[in-house]
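# Predicted structure and sequence below. I'll ask about it afterward.
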Amino acid sequence: MKNIPEIPECKNCVHNFKSIFKDLSEDELNKLSFDKGYDKYKKGTIIYNEGSRMTGCFCINQGIIKLYKTGIEGKEQIIRFAKKGEIIGYRSVLSKETACTTAKVLNDALLCFIPSVTLFELVQTNAKFSMELMQMTCRELGDANSYITDIAQKTVRERLAEILIHLKNEFGLDNAGTLQISLTREELANIVGTATETTIRLLSEFKTDKLIDINGREIKFLNIPGLIKTGNLYE
């Protein structure tokens, strides 16, 4: 049985986050709040595994979720990180296929579970929501295509600089210029698509070049234009 007082109302999240549900009517938001589940997840918890059957998708109220595929010898290939206001697992629900990634909690999270039947109903009855969902899918496909191109055409050094800039744009910096997401060297390597040892060496080079400073998992940005140039980016 749902503990209704603990479940955040969807209309409040729409106002607080840049949410895909922003075009829902008040009645639709109220129904979404009624239909959904809500739970807390500790750091390291697996929300769903690659290949599992999806009965709904998840909307992130708090926390960061790591989405990855498992390759040879269990090596992770991180696809992306999802943060508050974003939904995960929706493509597998819409395509009626098994999950194409594993979702793991990077830090303590609060997630809302949206049943498949509710998501399908919104897609069928709200054209603006359907368009938002389609555009979001296209953006993710575009990001995947860009990543494939980078793997083929950019050096590992360029890719690491590009990933750092991407994480800066996605999660921001604090007042001291420190990246607001904490990742292990292995996780960074799994995003870039290289060995952990290579990532450690390149981070050390970036520090020597005064592009960044490092304190444990904390990465402080010292020269953003320099990182953009190193990543062969245009901003």
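That came in fine, so what should we check first?
# wouldn't Ile47 be in contact with Ala99 here?
No - contact criterion CB atoms under 8 Å: Ile47 and Ala99 do not qualify, at 9.5 Å. The C-beta positions use only the backbone N, C-alpha and C, and glycine is treated the same way.
# Could you tell me which residues touch both of these two?
Shared contacts of Ile47 and Ala99, defined by CB atoms under 8 Å, 6 or more residues apart in numbering, comprise Gly89.
# can you give me the helices in the protein?
10-16, 26-35, 90-95, 116-125, 127-153, 156-171, 185-192, 196-208, 224-230 (DSSP state H).
# Please identify the deepest-packed of those.
helix 185-192 (a mean of 21; mean count of other CB atoms under 10 Å).
# domain assignment for this structure?
4-150, 154-230 (automatic domain parsing).
# Please tabulate those in TSV, including the columns mean pLDDT.
As requested, the domains of the chain are exported to TSV (pLDDT from 0 to 100):
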stretch	mean pLDDT
domain 4-150	88
domain 154-230	94
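# what's the closest of the helices of the chain to Ile64?
Ile64 sits nearest to helix 156-171 of all the helices of the chain, at 7.9 Å, using CB to CB.
# The closest one versus helix 196-208: what angle between them?
Angle of helix 156-171 versus helix 196-208, following axes from the mean of the first three to the mean of the last three CA atoms, to 10 degrees, is 80 degrees.
# Output helix 156-171 as PDB - backbone C-alpha positions only.
Output of helix 156-171 as PDB, limited to C-alpha atoms (Å, rounded to 0.1, in the frame of the first residue of the first chain):
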ATOM      1  CA  VAL A 156      42.000   9.100 -25.900                       C
ATOM      2  CA  ARG A 157      43.400  12.400 -24.700                       C
ATOM      3  CA  GLU A 158      40.800  14.300 -26.800                       C
ATOM      4  CA  ARG A 159      38.000  12.000 -25.600                       C
ATOM      5  CA  LEU A 160      38.900  12.500 -21.900                       C
ATOM      6  CA  ALA A 161      39.000  16.300 -22.300                       C
ATOM      7  CA  GLU A 162      35.600  16.100 -24.100                       C
ATOM      8  CA  ILE A 163      34.100  13.900 -21.300                       C
ATOM      9  CA  LEU A 164      35.300  16.400 -18.600                       C
ATOM     10  CA  ILE A 165      33.600  19.300 -20.500                       C
ATOM     11  CA  HIS A 166      30.500  17.300 -21.000                       C
ATOM     12  CA  LEU A 167      30.300  16.400 -17.200                       C
ATOM     13  CA  LYS A 168      30.900  20.100 -16.400                       C
ATOM     14  CA  ASN A 169      28.000  21.100 -18.700                       C
ATOM     15  CA  GLU A 170      25.700  18.400 -17.300                       C
ATOM     16  CA  PHE A 171      26.400  18.600 -13.600                       C
END
